[in-house]
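[1] dropping a prediction and its sequence here:
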Amino acid sequence: GSLLAVKGPRVTRENPAGKVESETVLHDPNGVAAVVALRNTGAAQAVVPVAIDVRDAKGRSVYDNSVPGLDVSLTSLSSIARGQRTFWVNNQSQAAEAPRRVVAKVGTTKAPVSGALPRIGIAKLAYGKDISGVFARGVITNRSKIPQRRLVVACISRRSTKVVAAGRAIVEKLQPAPTPKPVTFRVYFIGNPKGGTVSCVAPPTVLAAGSSS
């Protein structure tokens, strides 16, 4: 095997503190998205593996993220604070058959976290529309002194408690606080966000000064 083939998560030992609160799969002509809502009942964690298995109406697996070569953000959550509730989106699933459900498992991490996680702020959330469809836009701010790289902004739209749409975007660089000028993002959805309330999260990727996780 080549060193470049980054293996996807094979969760053999489930994370005792990583609780899966809900699992949703969405699909439309733009693709398939899996949404996993998580709660961390323990200390802060980094690079938490999330394994997903997308199944069709007959319960057959049509996609899982254990294939090699995926971006690390499609196989793990970059960080989660103590006691935090958050969600994770994989919008790169490929499924030939219409997906009906997704089963998620949270694995244990080998990345220790010391100190508080850097805080990332998201504000001015609004819906917009262009030729590619409906998107959520907002302003992202680094409230820490640690520059962030390849932040994943994951957004979902909820109607009451049901997740009806999801998407993600990557912010390549976010300078340390005070962020010099507003950094905006735009997230396109799989599913129909109309009439739903949008929420977005951007877990920090770089947790300590000078580290290159």
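    Cool, got the structure.
[2] kindly list the main-chain dihedrals of Ser73?
    With angles defined as degrees, to the nearest 10, Ser73 sits at phi -70, psi -10.
[3] and the gap between it and Val163?
    Taking C-beta to C-beta, to the nearest Å as the measure, Ser73 falls 19 Å from Val163. Quick note: C-beta positions are derived from backbone N, CA and C, even for glycine.
[4] these two: which is more packed in?
    Each of Ser73 and Val163 has its neighbours counted (other C-beta atoms under 10 Å); Val163 has more, 23 against 20.
[5] quick one: contacts for that one?
    Applying C-beta atoms under 8 Å, 6 or more residues apart in numbering to Val163 gives the contacts 22, 24, 26, 35, 37, 156-157, 191.
[6] quickly note the distance from it to Val25.
    Distance of Val163 to Val25, computed by C-beta to C-beta: 10 Å.
[7] where in the protein is pLDDT low?
    Across the chain, the ranges flagged by pLDDT under 70 are 1-7, 210-213.
[8] partners of the spatially most central residue of it in the sheet?
    Centroid-nearest residue in the chain, with C-alpha atoms, centre = their mean: Trp88, separated by 3.1 Å. Counting by DSSP bridges, Trp88 forms beta bridges with Val36.
[9] contacting residues around it?
    Here Trp88 is in contact with 35-36, 38, 50, 77, 154 (C-beta under 8 Å, 6+ apart).
[10] what subset of those is buried?
    35-36, 38, 50, 77, 154 (16 or more other C-beta atoms under 10 Å).
[11] wait, Thr108 touches Arg13, no?
    Yes: between Thr108 and Arg13 there is a contact under C-beta atoms under 8 Å: 5.3 Å.
[12] those two - which one has more neighbours?
    When neighbours are counted by other C-beta under 10 Å, Thr108 and Arg13 differ, and Thr108 comes out ahead with 15 against 8.
[13] in stretch 67-81, which residues are buried?
    For stretch 67-81, a neighbour-count test (16+ other C-beta under 10 Å) marks 70, 72-81 as buried.
[14] any idea how far it is from the chain center?
    Centroid separation for stretch 67-81 versus its chain: 8 Å, with C-alpha atoms, centre = their mean, to the nearest Å.
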